[in-house]
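Visitor: Fold the following for me, if possible:
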Amino acid sequence: MIAPERLWAVVGGVGLLFVAVAGADNVLTWVPPDFGNREWEFGTVTASFNGLLSIALGLAMVQLWLSQTDRAWPLRVLAVVYLLLGASILAAALLYWTNVPIAWAAVPDSPIKTGLMKAIVKTSFQSVAYPLAFFALARTAFVWAGLIAERAKSDRRSEHQVGVIARG
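Guide: Next comes the predicted model:
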C-alpha cells in the first residue's frame, strides 16, 4: 500500500505541472504586449481566460497537497497568489469590456456576429466565475493555514506540558 503522504505529493506534483504548462501558455498569450490595439486586447483576454481552467485545477491540486503538510506558510502564500489572480482577472475583464462595444459595432450582421456574441457571453461568465472561485480558494487556504498553525501550536503546548510533568 502506498503511504497517503506520497499520494498527496503526487497530486501536488501533477498540480504544479498543470500550473507550469498552462501558466506558461497563458503568459505567452500576453507577449509581446500591444496595449492600445483593440483587436489584440479583445483576443488576448479571451484566449487567456480560456486557459484559466487548467491553472485553477492545478492550483487546487497544490492546495490539497499543502493542506496535508504541517506548514501553514505555503498555504498563506498560495492564498495571496489566488488573490492576485482574482484581481488580475478583474482588471483584464475591465480591459475586455472597454473593447466590447467597438468590436460589436465593427462586425456586420452575419454569422460572424453570432460567434462574437458567443465569445462575449463566455468571457463575461468567466470574468465573474474565475475571480469568485479564486477568492473562495484564497479564503479556504487562509482558513486551512490557520488550522494548521493552531494544531502546531497545540502540539508544542502538549510537548511542553509532557516535558514539565516528566521533570516534575
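
Visitor: now for the longest helix along the chain, which elements pack on it?
Guide: In the chain, assigned by DSSP state H, the helix with the most residues is helix 111-167. For helix 111-167, the packing partners by 3 or more Cβ pairs under 8 Å, 6 or more residues apart in numbering; DSSP states H and E come out as helix 38-50, helix 52-67, helix 73-106. From N, CA and C alone the C-beta is placed, and that goes for glycine too.

Visitor: With distance to residue 140 and mean neighbour count added, can I get the ones you listed in a markdown table?
Guide: What follows is those, written out as a markdown table (distance: least, Cβ to Cβ, whole Å; neighbours: other Cβ atoms under 10 Å):
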| stretch | distance to residue 140 | mean neighbour count |
| --- | --- | --- |
| helix 38-50 | 22 | 18 |
| helix 52-67 | 7 | 20 |
| helix 73-106 | 8 | 16 |
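
Visitor: Now render the ones you listed as JSON lines, adding mean pLDDT and distance to residue 122.
Guide: Formatted as JSON lines, these follow (pLDDT from 0 to 100; distance: least, Cβ to Cβ, whole Å):
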{"stretch": "helix 38-50", "mean pLDDT": "93", "distance to residue 122": "8"}
{"stretch": "helix 52-67", "mean pLDDT": "96", "distance to residue 122": "12"}
{"stretch": "helix 73-106", "mean pLDDT": "95", "distance to residue 122": "11"}
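
Visitor: To residue 11, which of those lies closest?
Guide: Nearest to residue 11 among the helices and strands packed on helix 111-167 is helix 52-67 (5.2 Å), distances taken as Cβ to Cβ.
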